[in-house]
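Asker: sequence unknown, structure follows:
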DNA sequence: TCTGATAATTAGCTTACACTAATTGTCGAT
DNA sequence: ATCGACAATTAGTGTAAGCTAATTATCAGA
């Protein structure tokens, strides 16, 4: 980054910030984000996405290969990670400091992330002791734009007999999250994978002394890490 | 308010919220808000205001008398007070809970007020013990939309010899606010008006055992209440 | 009563960002 | 090698909200 990089380009609009976040999530496993994936994630029509892709690639935030999809540039990735940092710090703040349920923080953070200043986020992070994970276990990018990448396995794929640590819940549906919390299935919980029914059937796990049966749909949202027994 | 009032009208846009707030402030002493006053308060061109006035009066948020000005309807006033409530609670929250300087809260609150939910504001208000005044001494409307109206006098108009309580600072300029705080001129401060120089000259006041000279420009921003000696 | 200054409004554009309908590109299956 | 399905794009519209330039009201002072 030399002095030749012109800074003070116009601030990103709300829409642009949302597009960048979506593209980040869709490409986090590598590859391209397609027009229709972005459209359905943002709940808008595909032609709207095509139009925006044109603008974003002109601004240098994404690389667009027509009829293939898009990827973030360095600049775009950085902007996306800033938004994700804001979002996740807000989520932690709302749960820890304002008594929000972990199922209710997503929507609130989704609106606030576009309005908070960098200063406010830093102050919230400080007040929280610079947390590294959000309430759902997702890693929080640093102010510099670095994010932890963990190799996790969903409970639906975990090895039978393994002892696993539930690290992250990949969902934001309030009702499902509430149910999971009731079942004791929150990040940090240690469990043993007892058995799995065939044909995408439920997984039986032991949590402490109790036994629970977790359906496929939910099991796919529970990201785990195998640990020593 | 009967059942015939159709609720769930589309949520107000950011712009509309800003217009309503401006009109509220411009008409708080009664009378009409003129197109050019609104324009200069929002830093936009007068024709933009004319256009918006048309829309807002069609929506029933304001009463527009062409070439005269506008006033808020009940509905508009209620919406404006909600925004002011949000703004002021945010200001208190930022200073009390996140260590903001009273000069820096305005801009942050200005952006956040459009993004926070009613729930969040209520939780913040609870966490703060339902404060009645913001950091500048301005009254905070209740959730129901009631606001305290006080009869205050600026320090520039205060009676010579009077003991006054500094209630409210009508400014949002960070540098000026910082200066005022250094001078000990914050809401709640008690002072005695010693003398005033002619031709809009400075006012001399005693704060505790110290004496300060306050220029006309600042004196006009300091709203006071005469109290028993 | 008239008139000029000023304020307000109308007319006509622009940009951002959505939409639907029509068109074009890609790719797998025959 | 071609075709059809589906994805992507282009074309054309609409709405919110800003702008400048041109026009019209209002009102105070001569």
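Answerer: Nice, I can see it. The structure presented is a predicted model; accordingly, all values stated were derived computationally and were not measured.
Asker: C-alpha from now on. contacts and neighbour counts both.
Answerer: Will do.
Asker: If residue A:225 is in a bridge, with which residues?
Answerer: Beta-bridge pairing for residue A:225 (DSSP bridges): residue A:165.
Asker: Wasn't residue A:36 part of a strand?
Answerer: No - read with DSSP: H, G, I helix; E, B strand; the rest coil, residue A:36 is helix and lies in no strand.
Asker: and the most centrally placed residue in chain A, what pLDDT?
Answerer: Most central in chain A under C-alpha atoms, centre = their mean is residue A:138, positioned 5.9 Å from the mean C-alpha point. We have a pLDDT of 98 for residue A:138.
Asker: which non-adjacent residue is nearest it?
Answerer: residue A:168 (5.9 Å; C-alpha to C-alpha, 6 or more residues apart in numbering or on different chains).
Asker: Quickly note the distance from that neighbour to DNA strand D.
Answerer: Distance, residue A:168 to DNA strand D, by C-alpha to the nearest atom of the strand, to the nearest Å: 29 Å.
Asker: now what about the helix or strand where that residue lies, what contacts it?
Answerer: In the assignment (DSSP states H and E), residue A:168 maps to strand A:163-169. Residues outside strand A:163-169 that contact it (C-alpha atoms under 8 Å, 6 or more residues apart in numbering or on different chains) are A:136-138, A:185-193, A:221-229.
Asker: What helix or strand is the nearest residue to residue A:31 once chain neighbours are set aside located in?
Answerer: The spatial neighbour of residue A:31 that comes closest, neighbours along the chain excluded (C-alpha to C-alpha, 6+ apart), is residue A:71 at 7.5 Å. Using DSSP H and E, residue A:71 sits in strand A:69-72.
Asker: Residue A:17 now?
Answerer: Following DSSP H and E, one finds residue A:17 within helix A:14-27.
Asker: How about the contacts made by the residue nearest to the centre of chain A?
Answerer: Going by C-alpha under 8 Å, 6+ apart, residue A:138 touches A:88, A:168, A:169.
Asker: which of those tops the neighbour count?
Answerer: Ranked by the number of neighbours (other C-alpha atoms under 10 Å in any protein chain shown), the contacts of residue A:138 place residue A:88 first, at 29 neighbours.
Asker: What's the mean pLDDT across the longest helix seen in chain A?
Answerer: Identified as the longest helix of chain A according to DSSP state H is helix A:74-98. Helix A:74-98 shows a mean pLDDT of 98.
Asker: Regarding residue A:200, what is its secondary structure?
Answerer: Here residue A:200 is coil, with the state taken from three-state DSSP.
Asker: got the contact list for the spatially closest residue to it that is not a sequence neighbour?
Answerer: Spatial nearest neighbour of residue A:200, excluding adjacent residues (C-alpha to C-alpha, 6+ apart): residue A:216 at 6.1 Å. Residues in contact with residue A:216 (C-alpha under 8 Å, 6+ apart) are A:156, A:200, A:201, A:202, A:203.
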